[in-house]
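Enquirer: generate coordinates for the sequence data below:
(one chain, ligands or ions: 3)
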Amino acid sequence: MKINFTSALNRLPKTVIIPLWKSENTQEILQQISQTYQAPDSFSSTQWAGEEKDSLTVFAGDRVLYLVGLGKAKDQNTIATSLRSCVYKNKKSFSSTVGLDLHFANAQKKYDADKLLAAGVNGILLGRYSNNLYKTDKPRKSGFLAASAKIAIFTDAKGAKAKKSVEQAVILSEAQLRVFDLVNKPANKKIPATLVAHARSNAKSAGYKLTVFSGNAAVKKGFHALHAVGQASPNPSAMIVMDYKPKNAPITVALVGKGVTFDTGGVSLKPSSNMHLMKSDMGGAAAVLGAMEVIAKMKLPVRVVGVVASAENNIGSTAIKPGDIINSYSGKTIEVLNTDAEGRLVLADGLAYAKKAYKPDIMIDLATLTGSIVRAIGKPAAGLFTKNDELSQQLYNAGLKSGERLWPMPMWDEYADEMKSDIADIKNLASSPNAGSITAAKFLEVFTDKHPKWAHLDIAGQAMNENEFSNQANATGFGVHLLVAFVKALS
Ligand code: BES
Ligand code: ZN
Ligand code: ZN
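Expert: Residues are numbered from 1 along each chain as shown. Ligands and ions are numbered 1, 2, ... in the order given. Coordinates of the predicted model:
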């Protein structure tokens, strides 16, 4: 999409979006807007206060202004979501070029002008998305939904830095949009090979190296736990390895994602209500795929290795059964007491491989791992599990910046006692139903081989959610921006 800066108000198009924070002098600002755009007098005396996501439509001559409240937002996601919401609701009546007037928000001096610019562009681009992949009567792509649509920006942020903010916002948004589609796809349209194809197309466009161990090649490589999860599926499992390696990178970060393209629970079958949501059990993988794309396209100066462990957890006569003992890449044997605790099995191989093959300085995995984390802390934050205080702080801060919140969970070794098996090295189900998200994290810890800087993010409550952008639960892209913000802060 073409995005231009404009320095003259009269060059702004018929549709203009004007974000504003909630403040004491909103009335004054409304008067200025009214004068600037020659809006009717009555408008500036409205009670509109700039509350978060509260928008106000104003007809000013032949222009339509959309005032978007930002409330007290201090993170990229909240700002972007406010704009996305306005665009999502009103896009059909937008002109083909949409103006984004940031002057008034900039004058409020509540946030960095370049960051506001990036969040604004991000929100507008995401607002064009509708979750209608398989509709046969999609609305015609005209006006602002046409491929030729444009954004004209009127802002104080100028020069190379502003241009870069916009470029980076476009890179981020495009990756997020692709992740939305990938996560929203159902299981008959998405198998491990679909994640491979996504990585392959990114490898080309973003410029990273791709290696795939699929089917027999995965078994040969020793990914026995990954293979066990997918063994009842006709669709071969895959370990997808992406390597973005800029010159002279001082450190290596490994990102490992759970890519279960559908989780039936296996023989420990899930109840049927809400089982359809398990098409999003590759949300961790999607975050890694999206982040790899963005990090490589932004050419961030850190080596980042993405590992996606992908399988379909199916039922069938060849499926693993409760009590089965399986092997793993690490060499450790696992007693599978519940086939629905499959995420930790695929991650066991992903983590062990990332550690052994790349010796990363930092290792982070993302997974829609447990229902337990949702019962513990709900949907406003994902679970953050690490013994490394510095990494905890770094990830927590990245979450505040992107607006994808993380909350630290305990990792005391006592929790690991529940994972001891009599017959094998470890079991995949805790002895008690308590603290399920923590015992899951303690299971994973074993396969990190005592990595000193590893964190696990349980995003079961975030990958797919109900929100104002769809009638049903749909993909959020959670984790993409978070990981990018984290890696950016390292460089
Ligand atoms: N994919 C699920 C976790 C999940 C639940 C993700 C709800 C998103 C929303 C995972 O594989 C699973 O089934 N976990 C079990 C583990 C249990 C059997 C120890 C769970 O959380 O119930
Ligand atoms: Zn499961
Ligand atoms: Zn699962």
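
Enquirer: does the longest helix along the chain come close to ligand 1?
Expert: As assigned by DSSP state H, the longest helix anywhere in the chain is helix 159-184. No: applying Cβ under 6 Å from any ligand atom, one finds helix 159-184 separated from ligand 1 by no less than 11.7 Å. Where you see a C-beta, it was placed from the backbone N, CA and C, and this is true even at glycine.

Enquirer: mind listing what's buried in that helix?
Expert: 162, 165-166, 168-184 (16 or more other Cβ atoms under 10 Å).

Enquirer: go on, stretch 10-30?
Expert: 12-13, 15-22, 26, 29-30.

Enquirer: cool, stretch 421-430 as well?
Expert: 421, 424-430.

Enquirer: quick one, domains of the protein?
Expert: For the chain, automatic domain parsing gives the domain ranges 2-157, 176-490.

Enquirer: where's the longest one relative to the chain centroid, distance-wise?
Expert: Centre-to-centre, domain 176-490 and its host chain are 12 Å apart (Cα atoms, centre = their mean, to the nearest Å).

Enquirer: repeat that for the shortest one.
Expert: Relative to the mean C-alpha coordinate of its chain, domain 2-157 is positioned 24 Å out (Cα atoms, centre = their mean).

Enquirer: gap between the two ends of that domain?
Expert: Domain 2-157 has an end-to-end distance of 18 Å (criterion: Cα to Cα, to the nearest Å).

Enquirer: rounded mean pLDDT for it, please.
Expert: In this model, domain 2-157 carries a mean pLDDT of 94.

Enquirer: ranges for the helices of the stretch 351-491 of the chain?
Expert: All helices of the stretch 351-491 of the chain, identified by DSSP state H, counting those that start in this stretch, fall at 371-377, 389-402, 436-446, 480-490.

Enquirer: would you turn these into JSON lines with mean neighbour count, mean pLDDT and distance to Tyr244?
Expert: Output for the helices of the stretch 351-491 of the chain, formatted as JSON lines (neighbours: other Cβ atoms under 10 Å; pLDDT from 0 to 100; distance: least, Cβ to Cβ, whole Å):
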{"stretch": "helix 371-377", "mean neighbour count": "18", "mean pLDDT": "98", "distance to Tyr244": "29"}
{"stretch": "helix 389-402", "mean neighbour count": "18", "mean pLDDT": "98", "distance to Tyr244": "18"}
{"stretch": "helix 436-446", "mean neighbour count": "24", "mean pLDDT": "98", "distance to Tyr244": "24"}
{"stretch": "helix 480-490", "mean neighbour count": "24", "mean pLDDT": "98", "distance to Tyr244": "10"}
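
Enquirer: need those in a markdown table (columns: distance to Ala352).
Expert: As requested, the helices of the stretch 351-491 of the chain are exported to a markdown table (distance: least, Cβ to Cβ, whole Å):
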| stretch | distance to Ala352 |
| --- | --- |
| helix 371-377 | 23 |
| helix 389-402 | 19 |
| helix 436-446 | 9 |
| helix 480-490 | 21 |
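
Enquirer: closest one to ligand 2 among those?
Expert: Among those, helix 371-377 comes nearest to ligand 2, with 8.8 Å by Cβ to the ion.

Enquirer: and the closest one, is it in reach of ligand 3?
Expert: No: Helix 371-377 stays clear of ligand 3 (Cβ under 5 Å from the ion), getting no nearer than 9.4 Å.

Enquirer: so what secondary structure elements neighbour that helix?
Expert: strand 382-385, strand 406-409, helix 436-446 (3 or more Cβ pairs under 8 Å, 6 or more residues apart in numbering; DSSP states H and E).

Enquirer: does ligand 2 have contacts with it?
Expert: No: if you take Cβ under 5 Å from the ion as the test, helix 371-377 misses ligand 2, and the best it gets is 8.8 Å.
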